[in-house]
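Chemist: model the structure of this input:
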Amino acid sequence: MYGIIERGSTGLPPSVPFEQPKNLFRYGEQTIWSTQLHTQNTAIANGSFRLFTTPLGQVGQGFSNSLSIGETSLKEGGRIPAGIAFDIFGIACQIGKAENTESSGTNALLGDVMNTAEETNQLASMQTEGVLSWDFTQTQVEIAPITMIGAGGGTFGSVGVAAANAAAPTTTSAGNMQNGAGSVFLYRKHPVALPGNSTFSILLRYGSRAAAIPNTNGDYFVKVVLMGYYKNVIEIG
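Modeler: Predicted coordinates for the structure are as follows:
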C-alpha cells in the first residue's frame, strides 16, 4: 500500500547516476584468417613465413596479386584494432593446392583437388614438417605441429584411380586430399589474449626435411584461421 516501507528497505529511492554512461560493451564470437602461398619450385625446408601481416587488397605472403576475402579477413596487417579485445580459443590450419601458379601473372585458383602421388606426398610432407608459432614482437611461442591442427572441414578422404589411368593403376596413388578431417587445435583452459592495438603474427616454419614445392601442377597454400571471443567498446558519449 502507499506509504508502507518494505522490510529491509532504507526508505530512500534507489541511487541513480547523475551522468549517462560513456560507452557500452558488445560481446561475440568471430574468426580471423590469413593465407600463405608457396609457389612452384620453392624450397621451404628451414623456411619461416609470417601470416597475418598482409591485409585485404594488398600484396604479400607469397601472392603476386592483392589478397581478397578468401585469403584474409584483416583490415590492418598484424594488429588488433583499437577498442577490441580478442581472446583466441581455437586454431585451424588448411593445406591446399592451386590449379595454376600465381607467378604466371594470373590469380592462382585455390582449392584444386590433390589426386596424384606427387600431390599427396607434398601434402604429407608439409603436414609433417610444418609447425605454427605465435610471434608477439619479441616473444615467440610454439603452438603445435600442423599434424595436430586440423582444418575442421573441407574436402578429405581417399582418392581413387582416375578413369584415364584405369589400365595402369600403379601410376596413381590413393591418399588424403587435404587435412580437412582433423579437429581444430583448442586452448582448453587459457585462451590467448590479444588486447586492442596489440601486434601479433603467426609463424609458419618447416623443418630441414620438408620437400620443396614441385615445379609442376600449380602452387600450394596454407590458410590459418583463429577462432575467438571479442569485446568491443562502443563510445556513446
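Chemist: for residue 230, list each beta-bridge partner.
Modeler: Per DSSP bridges, the residues bridged to residue 230 are residue 28, residue 86.
Chemist: quick one: it and residue 80 touch, right?
Modeler: No: at 9.1 Å, residue 230 does not count as touching residue 80 under the criterion of Cβ atoms under 8 Å. Every residue, glycine included, has its C-beta placed from N, CA and C.
Chemist: return every residue with contacts to both of those two.
Modeler: Residues touching both residue 230 and residue 80 by Cβ atoms under 8 Å, 6 or more residues apart in numbering: residue 86.
Chemist: centre of the chain to stretch 58-69, how far?
Modeler: Computed by Cα atoms, centre = their mean, to the nearest Å, the chain-centroid distance of stretch 58-69 equals 15 Å.
Chemist: isn't residue 34 up against residue 204?
Modeler: No: using Cβ under 8 Å, residue 34 makes no contact with residue 204, being 9.9 Å away.
Chemist: overlap in contacts of those two?
Modeler: Contacts common to residue 34 and residue 204, judged by Cβ under 8 Å, 6+ apart, are 51, 224.
Chemist: more crowded one of those two?
Modeler: Neighbour count, other Cβ atoms under 10 Å: between residue 34 and residue 204, residue 34 has more, with 27 against 24.
Chemist: which SS class is residue 35?
Modeler: strand (DSSP: H, G, I helix; E, B strand; the rest coil).
Chemist: show me what contacts it?
Modeler: Residues near residue 35 by Cβ under 8 Å, 6+ apart: 51, 61, 63, 67, 70, 71, 72, 110, 221, 222, 223, 224.
Chemist: again, only using 10 Å
Modeler: 51-52, 54, 61-63, 67-68, 70-72, 94, 96, 110, 221-225 (Cβ atoms under 10 Å, 6 or more residues apart in numbering).
Chemist: ditto for residue 101
Modeler: Counting by Cβ under 10 Å, 6+ apart, residue 101 makes contact with 37, 39-41, 64, 108-109, 213, 215-219.
Chemist: thanks again, I'm all set now.
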